[in-house]
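1. dropping a prediction and its sequence here:
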Amino acid sequence: MSDLLVIGSVALDTVQTPFGKVTEALGGSATFFSYCASFFTQVRLVATVGDDFPEEHLRLLKDRGVDIAGLRVTAGGRTFRWTGAYGYDLNEAKTLDTQLNVLADFHPALADDLAHVPYLFLANIDPVLQLDVLRQMRQRPRLVALDTMNFWIQGKRDDLMRVLREVDVVTINDGEARQLAGEPNLVKAARTIAAMGPKTVVVKRGEYGALLLTGDTFFAVPAYPLESVFDPTGAGDTFAGGFMGFLASQDRVDAATMRRAMVYGSVMASFTVEDFSLNRLMRLTSAQIEERYRAFHELIRLEP
Ligand code: AMP
């Protein structure tokens with residue numbers, strides 16, 4: 001088992017779906033990611049919040065065993081806020097408002113012990129910060145993965161291209177893969193993104209599952225068929241949490257382990273969408289994770 005370092009957003013999310021609404025609920029790419037990955041391995045979080053951030057949220061991460069020594073509470077600062085909405089097609093989030101607040105002038109300084117962590121996830125955040133953290137690593141991690149979204153693809157494309165050149169894996173949703181590649185066909189888009197640097201491209205396709213491309217080899221996993229999906233927010237980050245958490249727990253990055261990691265990613269995302277914010281994850285047990293992993297085997301088994 002190896003440690004896993006993540007930098008990303010810790011947020012207060014206001015989210016409307018056809019099934020309800022939450023206001024200033026716990027969210028953020030690094031929050032969803034670290035909470036999920038902590039079921040698999042030791043996670044160390046680098047992020048910032050303002051002093052308006054509820055103490056109970058910090059306790060939640062701590063109680064899961066996430067190392068939050070690298071989470072800076074900026075005195076007098078306001079926490080990052082995101083407001084989003086989904087229609088009946090839950091695959092696409094519509095961003096209504098993004099307030100970077102403390103993220104706008106965050107300059108993470110990695111403590112010595114964090115600069116040697118072997119697995120690194122650059123969760124969705126300003127690509128300038130992603131590159132900054134990657135450059136502060138004293139030892140090249142065994143695996144570096146990155147996630148991003150339309151906000152940064154549009155706003156900071158050059159910086160994103162710079163950091164993409166240096167990562168091993170990119171996880172990205174289908175709409176954003178098309179946008180980044182400038183290519184409507186998903187297979188071609190994944191190949192175009194691979195040519196930007198990452199050897200491995202994981203395209204998350206919401207209720208249609210996820211696609212893995214390494215070299216010339218594709219692998220696909222379905223999404224778990226659920227009767228009730230309440231809020232897809234965080235599905236992408238928790239997919240990445242299961243994927244990276246599993247790889248770090250095995251300390252392996254070979255093709256077979258990556259395939260199993262894809263299934264764990266799907267498993268974790270399937271729980272997240274069953275409730276708002278981290279509510280379903282807060283009731284999750286390792287036994288339930290294993291049970292759903294086994295259910296995936298049945299789902300995709302070819303021979304009866
Ligand atoms: P996803 O897993 O793709 O559904 O990501 C949802 C999370 O991304 C939400 O909890 C938001 O707080 C966070 N988020 C939204 N916009 C941004 C942004 N521009 N930078 C960093 N995080 C964001």
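-> That came through fine.
2. sec struct for L60, please.
-> Secondary structure assignment for L60 (DSSP: H, G, I helix; E, B strand; the rest coil): helix.
3. and for the residue nearest the centre of the chain, nearest residue in space, chain neighbours not counted?
-> When CA atoms, centre = their mean is applied to the chain, the residue found nearest the centroid is D237 (2.4 Å). Among residues not flanking D237 along the chain, F32 sits closest, at 3.6 Å (CB to CB, 6 or more residues apart in numbering). No exception for glycine: its C-beta is placed from N, CA and C like everyone else's.
4. quick check: the one you found is in a helix.
-> Yes - under three-state DSSP, F32 falls within a helix.
5. just list the residues touching it, thanks.
-> Applying CB atoms under 8 Å, 6 or more residues apart in numbering to F32 gives the contacts G234, D237, T238, G241, T272, L278, L281.
6. who wins for most neighbours among those?
-> Compared across the contacts of F32, G241 has the highest neighbour count, 34 neighbours, by other CB atoms under 10 Å.
7. give me the phi and psi for it.
-> phi -60, psi -40 (degrees, to the nearest 10).
8. residue of the stretch 201-304 of the chain closest to the ligand, please.
-> Relative to the ligand, the nearest point of the stretch 201-304 of the chain is G236 (3.3 Å; CB to the nearest ligand atom).
9. residues from the stretch 151-300 of the chain in reach of the ligand?
-> By the rule CB under 6 Å from any ligand atom, the part of the stretch 151-300 of the chain lying against the ligand is F151, T233, G234, A235, G236, D237.
10. picking that back up, which members of the contacts of F32 are positioned in helices?
-> D237, T238, G241, T272, L281 (DSSP state H).
11. now tabulate those residues in a markdown table and tack on pLDDT.
-> Below are the ones in helices among the contacts of F32 laid out as a markdown table (pLDDT from 0 to 100):
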| residue | pLDDT |
| --- | --- |
| D237 | 98 |
| T238 | 98 |
| G241 | 98 |
| T272 | 97 |
| L281 | 98 |
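12. all helices for the protein, in order.
-> Using DSSP H, helices in the chain cover 29-37, 55-63, 127-136, 150-155, 157-164, 174-181, 186-194, 235-250, 255-272, 279-282, 286-300.
13. for G20, give its distance to Q42.
-> According to CB to CB, to the nearest Å, G20 stands 34 Å off from Q42.
14. between the two, which is the more surrounded one?
-> Using other CB under 10 Å as the criterion, G20 and Q42 rank with Q42 on top: 18 against 11.
15. what's the nearest residue to that one if we skip its chain neighbours?
-> Leaving out its chain neighbours, the residue that sits closest to Q42 by CB to CB, 6+ apart is D3, at 4.8 Å.
16. go ahead and confirm the one you found touches D251.
-> No - the criterion here is CB atoms under 8 Å, and D3 misses it with D251 at 10.1 Å.
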